[in-house]
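Peer 1: Just to be clear, the model below is a prediction. Sequence and coordinates:
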Amino acid sequence: MPKTKKTISYTFYVLSFPVLILVAAAVIGGFIGSNAVNISKESVLSSKNTNNGSKTNKANSRSQEHKIKTEEATTNIVKVAKVERSVGNSKAGEDLDQVAETIVEEADDTAEAIEEVEDRPGWKTTLLGPDFKNLGQLRSTLAHNTNTLRKLSKTIDSVVAGGSDTTLQDQLTLLNAEREKIRALLQEQEGKFSLLGWVSRFLSGYDNPNNGGIVPLTPESSESTDSVLPE
């Protein structure tokens, strides 16, 4: 008995249905797999961006904190300078203005160096060592800072207005704290492991004289002789 058109159509649909199911499954599977890969990539990128952002924020916070602290100190030193001049102590006022000016001039470069040192990629530090160029900048800052704080320390003994000595002593303490943070950063960076760091160190001319023998400066120790770090 010859097959009718209806029978042929039914047979065609029966035979083609499994094929359509397989094709649909492959398409859906590919779509889901593609989305899964994209989601995985986005997760990895998001994680990297978060880590990089956290590192950058940490570096920026340290550098910004240094700028804020030094600006606070210089503002108070300038105020004392004005008070001293107002009571006729022009010499102390002039000395304090010079100290404040020097600190301000160094603050931006120091903050930038801190940021560059801490933003250095980890792989680069492991391979070539820390950022010796900016570490050298920080060591140079400590060298100049030694003389600046010594001058501030000596000036404390020459102020005459009531409360000037206490205010200046507070600023000296604040600046010494910032100084110690820089020294701690130097020790931390110099102690990091690297494969070819010794080569970079040699080529940069960077040398570590046992942390420079830097000690906090106070009025009582203003005549001490620190081992000044080379520039």
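Peer 2: Now that the structure is in, tell me what you want to look at.

Peer 1: which residues of the chain fall in strands?
Peer 2: Applying DSSP state E to the chain gives no strands.

Peer 1: pLDDT weak spots in it?
Peer 2: For the chain, the stretches flagged by pLDDT under 70 are 1-60, 208-231.

Peer 1: ok, Glu190 touching Pro130?
Peer 2: Yes: applying C-beta atoms under 8 Å, one finds Glu190 in contact with Pro130, separated by 7.0 Å. C-beta here means a position set from N, CA and C on the backbone, and glycine is covered the same way.

Peer 1: need the contact list for Ser200.
Peer 2: Counting by C-beta atoms under 8 Å, 6 or more residues apart in numbering, Ser200 makes contact with Leu128, Gly129, Phe132, Ser194.

Peer 1: Could you list which of the residues you listed belong to helices?
Peer 2: Under the assignment DSSP state H, the contacts of Ser200 contribute Leu128, Phe132 to helices.

Peer 1: Most widely separated two among the contacts of Ser200?
Peer 2: Comparing all pairs in the contacts of Ser200 by C-beta to C-beta, the longest separation belongs to Phe132 and Ser194, at 10.5 Å.

Peer 1: hang on, the earlier thing: of the contacts of Ser200, closest to Ile103?
Peer 2: Nearest to Ile103 among the contacts of Ser200: Phe132, at 24.9 Å, using C-beta to C-beta.

Peer 1: ok, Glu190 and Pro130, which is more surrounded?
Peer 2: Pro130 (24 against 17; other C-beta atoms under 10 Å).

Peer 1: I figured that one hits Phe193, correct?
Peer 2: No: using C-beta under 8 Å, Pro130 makes no contact with Phe193, being 10.4 Å away.

Peer 1: Quantify the burial of the closest residue in space to Leu174 that isn't next to it in sequence by counting its neighbouring residues.
Peer 2: The shortest distance from Leu174 to any residue other than its chain neighbours is 5.1 Å, reached at Ala73 (C-beta to C-beta, 6 or more residues apart in numbering). By the other C-beta under 10 Å criterion, the neighbourhood of Ala73 contains 25 residues.

Peer 1: ok now do Ala73, which residues does it touch?
Peer 2: With C-beta under 8 Å, 6+ apart, Ala73 has these contacts: Ile103, Gln171, Leu174, Leu175.
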